[in-house]
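> Provided below are the primary sequence and the corresponding predicted coordinates.
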Amino acid sequence: MRTDLHDGTPRLRSPGRAQSQCLVMETQGARICPEMRNIYLRGLTTLLTLRTPTALYAQHRLSRRRCHRRVTYPVLLSAREVIMSYRIRPKDPDMSAALRRIAEDRLTRAIEATRAVTPEARMLAVHDIRKRLKEMRGLIRLVRPDFDGFKPADQALRDIGRGLSALRDIKVRCDTLGHVADYAALPDDPLGPYLTELGMRRDAAYGDPSVTLLRDTGAALTALRDSSAQWSLRHSGRRAIFPGLSKTYAEARDAMEHARETRAPEDFHAWRKHVKYHFYHAQILSPIWPEAMAAHIAAAEALGELLGKHHDLHVLGEEARAAGLAKAPLKVLEQGLTDRIEMLEKQAFLDGARLLADTPETLSRRWSIWYRLWRNSN
């Protein structure tokens with residue numbers, strides 16, 4: 001791609017590639033106005049220097065998805081389908097129908113992931129299934145006060161996730177310990193033998209035993225999908241969702257203050273869970289005003305990831321101690337981790353104060369107005 005230096009008009013050698021990038025950003029929830037699209041078509045560097053909310057959100061989503069110019073349209077359309085299906089739609093007759101549609105979509109995608117045939121594919125499948133389970137738990141929490149079937153559905157999702165926890169944990173331990181060099185320069189490679197042992201245990205876990213586990217998981221997911229076809233809510237519109245939105249948002253605010261008081265790792269982890277639920281709620285409701293919701297979604301996701309890193313560092317410290325690391329290198333590592341954790345906590349409280357600045361009543365009332373305007377315009 002080159003640009004005419006006289007009038008700035010884009011001269012594209014491969015227009016489809018740049019158009020693909022715009023489609024990537026749009027599929028991730030960032031609406032691109034004509035001016036933004038033209039700026040982007042003049043070069044990716046220009047886009048990456050912008051600091052508008054839309055550009056920042058697009059940059060964040062691009063980096064998260066590791067999208068680049070060689071992404072093809074089938075992949076982009078698939079990504080668009082995944083994202084677009086996890087939100088309310090104007091054509092949903094009511095919120096009960098939206099609940100059933102989204103649940104069927106997420107559970108079907110999780111079921112498809114259980115059919116992975118290689119150990120490497122099964123590692124990705126476990127991650128994908130757990131993500132769908134979290135999205136499902138976020139979905140039913142949005143309608144929790146209005147959904148009589150919440151408790152059995154939530155318990156079923158918990159049980160399915162618990163069945164995959166051993167597979168998830170062994171991979172996370174390997175991945176986390178493999179990043180030790182990012183936080184401290186240790187002499188030689190004292191963690192090498194322990195990391196090798198963990199790798200062997202991970203490979204064994206994702207071998208033949210995981211086939212049966214994923215098959216059982218698929219059966220449980222199928223049963224839950226079948227039962228979700230009967231889910232219904234007491235109300236059809238705003239009253240079905242905004243009490244749940246307000247409750248989860250309030251829990252995120254309370255969890256932040258509790259973490260600020262205790263500074264305990266488990267309380268930061270609990271805060272992250274509530275932030276993630278709020279992130280899912282914002283995603284589901286994003287059509288009510290896409291431009292305004294995009295920045296909120298990006299902020300919620302970024303805070304969730306920051307708190308996830310905070311948790312990973314504590315896990316890394318525990319793994320290093322379990323590995324029997326000698327006193328001197330362990331002290332060096334723990335100091336590096338402590339410094340990084342303090343930095344993350346400071347940033348998390350700043351970002352959390354911004355994201356959760358509104359009272360639950362204020363946020364719920366504002367989004368409820370946007371919802372009504374969106375409904376009336378469709």
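Great, that's in hand. Residues are numbered from 1 along each chain as shown.
> in the host helix or strand of residue 219, what's buried?
Assigned by DSSP states H and E, residue 219 belongs to helix 208-228. Buried positions in helix 208-228, judged by neighbour count with 16 or more other CB atoms under 10 Å: 210, 213, 214, 217, 218, 220, 221, 224, 225, 228. From N, CA and C alone the C-beta is placed, and that goes for glycine too.
> Ok, stretch 235-243 next?
Those would be 235, 236, 238, 240, 241, 242, 243, for stretch 235-243 by 16+ other CB under 10 Å.
> Can you give me the first-to-last residue distance of it?
End-to-end distance for stretch 235-243: 11 Å, by CA to CA, to the nearest Å.
> hang on, the earlier thing: can you put the buried residues of helix 208-228 in CSV and add distance to residue 104 and pLDDT?
Listed next are the buried residues of helix 208-228 as CSV, based on distance: CB to CB, whole Å; pLDDT from 0 to 100:
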residue, distance to residue 104, pLDDT
210, 26, 86
213, 23, 92
214, 20, 94
217, 17, 96
218, 15, 96
220, 15, 98
221, 11, 98
224, 10, 98
225, 6, 98
228, 6, 98
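> May I see the residues you listed arranged in a markdown table, with distance to residue 290 as well?
Below are the buried residues of helix 208-228 laid out as a markdown table (distance: CB to CB, whole Å):
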| residue | distance to residue 290 |
| --- | --- |
| 210 | 39 |
| 213 | 39 |
| 214 | 36 |
| 217 | 34 |
| 218 | 34 |
| 220 | 35 |
| 221 | 30 |
| 224 | 30 |
| 225 | 29 |
| 228 | 27 |
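> Just give me the closest of those residues to residue 156.
residue 224 (5.1 Å; CB to CB).
> Secondary structure element holding the nearest residue in space to the closest one that is not next to it in sequence?
Once flanking residues are discounted, residue 224 sits nearest to residue 156: 5.1 Å by CB to CB, 6 or more residues apart in numbering. Element membership of residue 156, judged by DSSP H and E, is helix 150-177.
> any idea of the angle that helix forms with helix 208-228?
150 degrees (axes from the mean of the first three to the mean of the last three CA atoms, to 10 degrees).
> For the next helix or strand after helix 150-177, buried residues please.
For helix 150-177, the following helix or strand on the C-terminal side (DSSP H and E) is helix 192-205. In terms of neighbour count (16+ other CB under 10 Å), helix 192-205 has its buried residues at 194, 195, 198, 199, 202, 205.
> who's in contact with the fifth one?
With contact taken as CB atoms under 8 Å, 6 or more residues apart in numbering, residue 202 is in contact with 170, 171, 173, 174.
> Run a quick neighbour tally on the nearest residue in space to it that is not next to it in sequence.
Nearest residue to residue 202, sequence neighbours excluded (CB to CB, 6+ apart): residue 170, at 4.7 Å. Per other CB atoms under 10 Å, the neighbour tally for residue 170 reads 19.
> in terms of contact, does residue 170 touch residue 201 like I think?
Yes - the pair residue 170 / residue 201 is scored as a contact, 5.8 Å apart, by CB atoms under 8 Å.
> and the top helix by length along the chain, average pLDDT?
Longest helix in the chain, counting residues (DSSP state H): helix 290-322. Averaged over helix 290-322, pLDDT sits at 93.
> And for stretch 130-141?
If you average the pLDDT values across stretch 130-141, you get 98.
> again, but for stretch 96-110
Mean predicted confidence for stretch 96-110 is 98.
> secondary structure class for residue 87?
Under DSSP: H, G, I helix; E, B strand; the rest coil, residue 87 falls in the coil class.
> if we can go back for a sec, elements contacting the helix holding residue 156?
Here helix 150-177 touches helix 119-142, helix 192-205, helix 208-228, helix 290-322, going by 3 or more CB pairs under 8 Å, 6 or more residues apart in numbering; DSSP states H and E.
> Show me what counts as buried in it.
Applying 16+ other CB under 10 Å to helix 150-177 flags 150, 153-154, 156-157, 160-161, 164, 167-168, 170-174, 176-177 as buried.
> picking up where we left off before, I'd like to know how far the residue nearest to residue 224 sits from residue 134.
Per CB to CB, to the nearest Å, residue 156 is found 14 Å from residue 134.
> repeat for residue 86
From residue 86 to residue 134 the distance is 11 Å (CB to CB).
> Mutual contacts of those two, please.
residue 280.
> Show me the two of the buried residues of stretch 235-243 that sit farthest apart.
Largest pairwise distance in the buried residues of stretch 235-243, by CB to CB, is 14.1 Å, between 236 and 243.
> Against residue 198, how distant is the most centrally placed residue in the chain?
Note on the chain: the residue nearest the mean C-alpha position is residue 301, at 6.2 Å, using CA atoms, centre = their mean. Taking CB to CB as the measure, residue 301 falls 29 Å from residue 198.
> Equivalent analysis for residue 119, please.
When residue 119 is compared with residue 198 (using CB to CB), they lie 15 Å apart.
> And residue 280, by the same measure?
31 Å.
> Could you pull out the buried residues of stretch 357-368?
360, 363, 364, 367, 368.
> who's in contact with residue 219?
Residue 219 touches nothing, counting by CB under 8 Å, 6+ apart.
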